[in-house]
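Enquirer: mind folding the following:
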Amino acid sequence: MASPASMKPFSPEETRRILGHLQQPAVFMNMTCDWPVLHWTAEHLTGCLGDKPIRFRLGRKEETNTPLFETQCSYVEATLEHFLSWTRGQAGTDVGPFFEYPHSEYWAYADYKYIAMLFQDQPSMFEDVKWSEFGFEGRNGRESTLWMGTEGANTPCHLDSYGCNLVLQVQGRKRWHLFPPEDSGNLYPTRIPYEESSVFSQVDVLRPDMKRFPAFKGARAHVVTLQPGQVLYVPRHWWHYVESVDPVTVSVNSWMELEADDVARVSEAVTKAVVCALKSVPSEDNSDDWLNPTEEGVASHNDNMQYVNLAVSAFAQRHSKPSQDSRDTCLRKRDCTGQIRKKNNDLVTDTLPLSVPFGPHLITVRPQQENSPETKGFITTDPEVKSSRNCDVKPASSDAAPSTRPPSTVRGLHRGKCECSPGLNALAPCDCADTTSESSSGDYQEPIATTITTNDLLECLLHPDVISQVTKLLLERHTGTSHINSASS
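Expert: Residues are numbered from 1 along each chain as shown. Reported below is the predicted structural model:
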């Protein structure tokens, strides 16, 4: 009888090559049937972690039309036993610090937990995750993160500046709302809150405020509900908003660095220097929580400039000596232990021709159907990708109530964009603005007086087109390289 490994639809070499050619999100089926990690339900992990405290992020389930950023959430340290007792809502049970947050009103999320840190005293558990079967030799749970949440738990819409992601759904279902890189101008990017390598959207993609963000009507949502046992591939620079749709969900995420990301690193270094320089200065409008909780702290200007210099040096070294892998000696993304990521974990884009074998084992995530001009850009129900038929993994009940979005306070003074200038917030009325002008009414109206805040200034300074041009000028001036195709963050 054939072994489970021999029954996989793609070999590790084939899968690695497919990933090198994929330009859109796709779901791999029947690739993880024999992975021990599929037993990592919340109940199983409770027994493994015991009394070890986990940090949870909490938000209200109320519906609003503004995103809830991590800087606006509540946080508790609790055991998984407390977490499960809280989700079950049984009267009289010990829910630890969750007692202040009624389960009917809040969702909870233990997100981005490094497995290497969670199970540092149980290293054998790293082998339960077998990314080597996707062509990444030696890669397992040590280089992965764990995500556990309740219905409604969500990650704000954002893109990752570097690399791409492979996501394995373990328990429950998660719905992914993905937007292609060319939709960036329609998603109103912002770097406040600041997190290195993450660009957030100001739009609540489930319930967008179309008056403030009219260009969002042009966004093209690709939506998929990931089932247990399935693996989603998220290409670099694809925007994604993720929400849990079952009472408890567990997933495992592995981030892969892409080759030749040197230009993106220079862009990110410039962004960090500008953000920290302006937001670290005390002022009346710099009282917001601008640093994402995932960041360790505010780096000094000297440190940030050193980061810029290292990033430029890495670019110069690669382009002056193409045969040398400068990433081994210069600035590279590091894992949770501070170690430089292994070269064989990087995803190299394959230049050889390949017809991606879409079919029952590899399903592309297609854009949603547009029902009418009025619903264009709004999220609607997506067809679910059916569970991997060879995997004995049962999805959670689909009878769970629809997830809801939490509230958020409006950050600063955000003005809507004009459609004639996508990507930049309008600082004054323009010809396409929906205002009453002298030519239309015959009555002159004084311009609306607004105060330009530090965040307003940053949104312009850190606009992708501006950062791209600054990166291009820096590299041309300090490396002598011209005609750079800048990949801004």
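Enquirer: and the longest helix for this protein?
Expert: helix 301-320 (DSSP state H).
Enquirer: output the contacting helices and strands for that helix.
Expert: Helix 301-320 makes packing contacts with helix 262-279, helix 464-479 when contacts are defined by 3 or more CB pairs under 8 Å, 6 or more residues apart in numbering; DSSP states H and E. (C-beta placed from N, C-alpha, C; glycine too.)
Enquirer: same list (those) but as JSON lines, adding mean pLDDT.
Expert: Output for those, formatted as JSON lines (pLDDT from 0 to 100):
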{"stretch": "helix 262-279", "mean pLDDT": "94"}
{"stretch": "helix 464-479", "mean pLDDT": "92"}
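Enquirer: roughly how far apart are the closest residue to Leu187 other than its chain neighbours and Tyr241?
Expert: Of all residues not flanking Leu187 in the chain, Ser201 sits nearest, at 4.2 Å (CB to CB, 6 or more residues apart in numbering). Distance from Ser201 to Tyr241, counting by CB to CB, to the nearest Å: 8 Å.
Enquirer: mutual contacts of the two, please.
Expert: Counting by CB atoms under 8 Å, 6 or more residues apart in numbering, the residues touching both Ser201 and Tyr241 are 156-158.
Enquirer: compare the residues you listed and tell me which is most surrounded.
Expert: Cys157 (25 neighbours; other CB atoms under 10 Å).
Enquirer: where do the helices sit along the chain?
Expert: 12-21, 42-49, 80-88, 115-118, 262-279, 301-320, 438-441, 454-461, 464-479.
Enquirer: out of the ones you listed, which one sits most buried?
Expert: helix 262-279 (a mean of 23; mean count of other CB atoms under 10 Å).
Enquirer: alpha carbons of that helix, as PDB, please.
Expert: The C-alpha trace of helix 262-279 is given here as PDB (Å, rounded to 0.1, in the frame of the first residue of the first chain):
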ATOM      1  CA  ASP A 262      17.200  44.700  -1.400                       C
ATOM      2  CA  VAL A 263      15.300  47.700  -2.900                       C
ATOM      3  CA  ALA A 264      12.300  47.000  -0.700                       C
ATOM      4  CA  ARG A 265      14.600  47.000   2.400                       C
ATOM      5  CA  VAL A 266      15.900  50.400   1.500                       C
ATOM      6  CA  SER A 267      12.400  51.700   1.100                       C
ATOM      7  CA  GLU A 268      11.400  50.200   4.500                       C
ATOM      8  CA  ALA A 269      14.600  51.700   6.100                       C
ATOM      9  CA  VAL A 270      13.700  55.200   4.700                       C
ATOM     10  CA  THR A 271      10.100  54.800   5.900                       C
ATOM     11  CA  LYS A 272      11.200  53.900   9.500                       C
ATOM     12  CA  ALA A 273      13.600  56.800   9.700                       C
ATOM     13  CA  VAL A 274      10.900  59.300   8.600                       C
ATOM     14  CA  VAL A 275       8.200  57.900  10.900                       C
ATOM     15  CA  CYS A 276      10.400  57.800  14.000                       C
ATOM     16  CA  ALA A 277      11.800  61.200  13.300                       C
ATOM     17  CA  LEU A 278       8.400  62.900  13.100                       C
ATOM     18  CA  LYS A 279       6.400  60.800  15.600                       C
END
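Enquirer: helices or strands up against it?
Expert: By 3+ CB pairs under 8 Å, 6+ apart, helix 262-279 packs against strand 189-195, helix 301-320, helix 454-461, helix 464-479.
Enquirer: so for Thr64, which of these sits nearest?
Expert: Closest to Thr64 of those is strand 189-195 (CB to CB; 17.1 Å).
Enquirer: what's the angle from that closest one to helix 464-479?
Expert: 70 degrees (axes from the mean of the first three to the mean of the last three CA atoms, to 10 degrees).
Enquirer: quick one: contacts of strand 189-195?
Expert: Here strand 189-195 has contacts from 69-71, 159, 199-202, 271-272, 275-276, 279, 288-292, 294-295, 411, 423, 455, 458-459, 462-464, using CB under 8 Å, 6+ apart.
Enquirer: for that strand, the distance to its chain's centre please.
Expert: Chain-centre distance of strand 189-195: 12 Å, with CA atoms, centre = their mean, to the nearest Å.
Enquirer: tell me the mean pLDDT for that strand?
Expert: Over the span of strand 189-195, the pLDDT mean works out to 94.
Enquirer: do the same with stretch 78-92
Expert: 94.
Enquirer: for stretch 241-249, same thing?
Expert: On average, stretch 241-249 scores 98.
Enquirer: now the terminal residues of it, how far apart.
Expert: Start and end residues of stretch 241-249 are separated by 16 Å (CA to CA, to the nearest Å).
Enquirer: contacts for it, please.
Expert: Residues contacting stretch 241-249 (CB under 8 Å, 6+ apart): 41-42, 84, 87, 107, 109, 147-158, 169, 171-177, 201, 205-206, 225, 395-397, 400, 402-403.
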